[in-house]
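Q: show me the folded form of this:
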Amino acid sequence: MPVRREVTRLADLSPQQWKTGIAAWLGWLFDGLDMHLYTLVAAPFVMELLHAASPADADVKARSSWIQAAFLVGWALGGGFFGRVGDLLGRSRALSLTILTYAAFTGLSFLAQTWWQLMIFRFLAALGIGGEWAVGSSLLAETWPARWRPWIAAVLQSGVNLGILGACLTIYLLATVCGWLHVAYQPRWVFLVGLLPALLVFWIRRRVPEPEEWHAARLQATQAAPGVRDLFRGETLALTVRTILVCAFSLSAWWAFIFWHAQHLRNLPELASWTVERREQLVSATFFGIIGVSIAGNFFAGWLARRLGYRLSLVLMFLAEFAAESGAFLHPRGCESLVWFWFPAVGFFSGVFGLFTMYLPPLFPTLLRTTGAGFCYNIGRIGAAVGTVFFGLFSQVGDFRRALLLGSFLFPAAAVAAWFMPDRSDDQDPAA
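A: Numbers count the residues shown, from 1 in each chain. Below is the predicted model of the structure:
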């Protein structure tokens, strides 16, 4: 294992550490952008593809659910596939491939003429998005100081949040410009913005080296590198199962909220007389607020992890997220109450997901790191895919409150699973 020099401040970081940090952060920023472009325009875009009369149409709801489910399944498969690529070929190479994949197929979503074409493009884009999480987080876990991991996690997750804010801003500006020009609002235009991340690949391949830890592990390997089956053997088996449960429960609850809260907001009775452009501005502005507040939540979660450890921080944040989301949907609430209090509260405690980025990868051996973290974290997307379809189809047409309330009960289940996770300390991390 290579010996790392002591790093106590930003000025002590090496050029390699800066390059890996910038590459991972930008990858996550564009990840968030491409991830949520569809989430914000799902109902109006699918309505256009189906030639339906309303976003609340039953067929629109069903098809948009299946498209999002395909995206989440692709995310899970991409996490496992590119996680394996990252262990075999290196973090930098795999990071480039993931970004190129999600940029290309997000841009191609602009060309979709049917709902199933859009579903295919979103599935393929998700392969890259799922892989980028495992590769980017492992890249930083292996190159930046271990004691900084809670703060690194917060900064990385903030990159995703800023990318999501970029998606919100894109849609808000599109709706605003269409209103000014008195032209029809076209949701498909937003996907062209998703091509921008492809430009980052050229810089990564030229400037970002592979981590020394990965090179050393490859040289020291006396036999074939471990594979996915090794996640289900020996002492690793229990860790793998617990990690999958934590991710599956929490991500299913979060994605049910992320995908369906916008449709719930659009269908509030008090918004019935609003124009399409005005409703879309409200939806994007509300989502902007949720994600903006979540940036503060990322750093709160990091602060909590430094004082209480990862395990207890996960438990407390999951329970707080449950309190916020169930409070939002336990009773019918008006637009003002949801937009200004309950949804921002949900956004703040979603900072718990930032902890995953630096907590999960170091739990696994170096040559199983992106495979393990990518597989366990992203296999939760399968559960989230099922949850997105189930909770959406379970709800009454035009009313998603009951489905969102039921989805929130997965957070206490995630808290129980998290209680049995290892309580690892970064200060004692062997890779430090």
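Q: from here on, just use CA atoms for contacts and neighbour counts.
A: OK.
Q: low-confidence stretches in the stretch 201-350 of the chain?
A: 213-215, 217-228 (pLDDT under 70).
Q: can you give me the helices in it?
A: 212-220, 234-266, 276-308, 310-329, 335-337, 343-349 (DSSP state H, counting those that start in this stretch).
Q: pick the most buried one from those helices.
A: helix 343-349 (a mean of 25; mean count of other C-alpha atoms under 10 Å).
Q: now the angle between helix 234-266 and the longest helix seen in the chain, please.
A: Longest helix in the chain, counting residues (DSSP state H): helix 15-50. Using axes from the mean of the first three to the mean of the last three C-alpha atoms, to 10 degrees, the inter-axis angle of helix 15-50 relative to helix 234-266 is 50 degrees.
Q: send me stretch 132-146 as CSV with only the CA atoms.
A: Extracted in CSV, the C-alpha atoms of stretch 132-146 (Å, rounded to 0.1, in the frame of the first residue of the first chain):
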residue,chain,number,x,y,z
GLU,A,132,-20.4,7.2,-12.3
TRP,A,133,-21.5,7.0,-8.6
ALA,A,134,-19.3,4.0,-7.8
VAL,A,135,-16.3,5.1,-9.8
GLY,A,136,-16.3,8.7,-8.7
SER,A,137,-16.7,8.0,-5.0
SER,A,138,-14.0,5.3,-5.1
LEU,A,139,-11.7,7.6,-6.9
LEU,A,140,-11.9,10.2,-4.1
ALA,A,141,-11.9,7.6,-1.3
GLU,A,142,-8.5,6.4,-2.7
THR,A,143,-6.8,9.7,-3.2
TRP,A,144,-8.1,12.2,-0.6
PRO,A,145,-7.5,12.2,3.1
ALA,A,146,-9.6,9.6,5.0
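Q: from the chain's centroid, how far away is it?
A: 16 Å (C-alpha atoms, centre = their mean, to the nearest Å).
Q: how about stretch 88-97?
A: 20 Å.
Q: now swap in stretch 185-205 and tell me
A: 17 Å.
Q: residues of that stretch that come out buried?
A: Using 16 or more other C-alpha atoms under 10 Å as the test for burial, stretch 185-205 gives 185, 187-188, 190-195, 197-198, 200-201, 204.
Q: so which of these belong to strands?
A: Assignment to strands by DSSP state E places none of the buried residues of stretch 185-205 there.
Q: as TSV, those residues with distance to C247 would be great.
A: Below are the buried residues of stretch 185-205 laid out as TSV (distance: C-alpha to C-alpha, whole Å):
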residue	distance to C247
Y185	37
P187	31
R188	31
V190	30
F191	28
L192	31
V193	29
G194	27
L195	29
P197	27
A198	29
L200	29
V201	29
I204	29
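Q: okay, V41 and M35: tell me how far apart.
A: 12 Å (C-alpha to C-alpha, to the nearest Å).
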